[in-house]
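Colleague: Model the structure of this input:
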Amino acid sequence: LWTGGSSGTGLAIATDQPDFNNFTKVNIDSFPLYNYALLPDGVTRRRYFKGLVDTISSESSTDNWNSSLDTAVRYILDPSDNSTFGVSSTVIDTTGDMHLYYMGDMGFSSSAMNNIRHAVSTDGGDSFTFQDNNICGDLGWGGFTTYVDPDVVLMSNGDIRLYAMNPHGFQTPPSVFDTISHTIHCFYSSDNGYTFSLDQTLSGSDTIAQCSDFNVHSVHDPKVVELPDGRLKVFINGLSFVGDSTYQFDIYSFTSLIPLTNLSESEPQDNAFTIYPNPATETFAVSENVTLRIIDLLGREHLNKKVSAN
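Modeller: Coordinates of the predicted model:
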């Protein structure tokens, strides 16, 4: 969990599974690659950032400690991005392709198209191709009516979930009398991140975090992780008031009550079966008719087929 502010960037780590509630501040210099994404090769870590003119550059590491500036241009911004590259997040889909979701345009007028863009790499994160300049299907055009600040995660069932903020008004810090109602929204994709739908399974609403919760006036910058049991934990930067006229930013978290898999694909929980012999070297049998999926640690699916008993 990393934070930024006037006092600089800080880093805290939690090890208390399964909920990860208790964070301890650590020396950020001891974790130089804390914000680098792991590439599909399972070895290289990389950070993407705005380079010269309309290009996206990167820094890479293969030893989890030292990084160096790459000479290659990873991505050329689309003209609709207005030469801007804001908050970004990457995810590797079940085929091993890498997706980059980022903020583009970043204007704050009524004519701005300040929203989430999408680019895809099919070569392990070395180069990206533009896909969409409005991946979330915004509420409307304009600097304060769109979904912003994306964070994405590949779920254990193969879905990709994207969390974003909708500002609904002016940027913070507001006055104590302001009526801004920033919200965090959840989207899911079942086609490897190419299209997203608002998730309506969270208490009958697509909104998971509202400003009224815990006297939080506005919420920003969602960061999401899948817990070991399949639930999702979302961290947010929240603005809360202290007294009548002062405010402070704090980090809050929201945890789903159940594993957030696609409910249309959920299966009964009483589908126990046996695989034998175990261990096996080349062949094995199952005791029931099942659908067998083999997925590696990068989330790539190598097998998906129905298997008959015995």
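
Colleague: and the gap between the nearest residue to Gly104 once chain neighbours are set aside and Pro228?
Modeller: Nearest residue to Gly104 in three dimensions, chain neighbours excluded: Asp81, at 3.6 Å (C-beta to C-beta, 6 or more residues apart in numbering). Placement of C-beta: from N, CA and C, glycine included. Distance, Asp81 to Pro228, using C-beta to C-beta, to the nearest Å: 37 Å.

Colleague: of the two, who's got more company?
Modeller: A count of neighbours by other C-beta atoms under 10 Å puts Asp81 above the other of Asp81 and Pro228, at 21 against 10.

Colleague: list the contacts for the more buried one?
Modeller: Residues near Asp81 by C-beta atoms under 8 Å, 6 or more residues apart in numbering: Asp54, Gly104, Asp105, Arg117, Asn133.

Colleague: Turn the residues you listed into CSV, including distance to Phe235.
Modeller: Below are the contacts of Asp81 laid out as CSV (distance: C-beta to C-beta, whole Å):
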residue, distance to Phe235
Asp54, 31
Gly104, 24
Asp105, 26
Arg117, 23
Asn133, 27
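
Colleague: Top of those residues by number of neighbours, please.
Modeller: Neighbour tally across the contacts of Asp81 (other C-beta under 10 Å): the maximum, 26 neighbours, falls on Arg117.

Colleague: any idea which element that residue lies in?
Modeller: strand 115-121 (DSSP states H and E).

Colleague: need the next SSE after that strand, C-terminal direction.
Modeller: Once strand 115-121 ends, the next helix or strand along the chain (criterion: DSSP H and E) is strand 129-132.

Colleague: Direction included, what does that following strand pair against?
Modeller: strand 115-121 (antiparallel) (DSSP bridges).

Colleague: ok, and what's touching the partner strand?
Modeller: So strand 115-121 is contacted by 75, 78, 80-81, 97-105, 127-136, 138, 146-148, 150, 162, 164, 193-194 (C-beta under 8 Å, 6+ apart).

Colleague: try 6 Å this time
Modeller: 75, 97-102, 104, 128-136, 138, 146-147, 150 (C-beta atoms under 6 Å, 6 or more residues apart in numbering).

Colleague: all strands of the stretch 1-150 of the chain, in order?
Modeller: Using DSSP state E, counting those that start in this stretch, the strands of the stretch 1-150 of the chain run over 2-3, 10-13, 24-26, 37-38, 45-50, 55-61, 68-69, 75-76, 88-92, 98-104, 115-121, 129-132, 148-154.

Colleague: pLDDT score for Asp296?
Modeller: Looking at Asp296, its pLDDT reads 63.

Colleague: err, Phe241, not the other one
Modeller: Note on Phe241: pLDDT of 69.

Colleague: One more: Glu265?
Modeller: The score at Glu265 is 44. That number is its pLDDT.

Colleague: thinking again about what came up before, and the strand holding Arg117, how far from the chain's centre?
Modeller: Centre-to-centre, strand 115-121 and its host chain are 13 Å apart (C-alpha atoms, centre = their mean, to the nearest Å).

Colleague: measure stretch 87-99 end to end?
Modeller: Start-to-end span of stretch 87-99 (C-alpha to C-alpha, to the nearest Å) is 14 Å.

Colleague: ok so, going back, are any of the contacts of strand 115-121 buried, and if so which?
Modeller: With burial judged by 16 or more other C-beta atoms under 10 Å, the buried subset of those is 75, 97-102, 104, 128, 130-136, 138, 146-147, 150.

Colleague: Lowest mean pLDDT among the helices and strands of this structure, which one is it?
Modeller: Sorting the helices and strands of the chain by mean pLDDT, DSSP states H and E puts strand 207-210 at the bottom, at a mean of 45.

Colleague: where in the stretch 101-250 of the chain is pLDDT low?
Modeller: Across the stretch 101-250 of the chain, the ranges flagged by pLDDT under 70 are 108-110, 139-144, 168-181, 200-217, 241-245.
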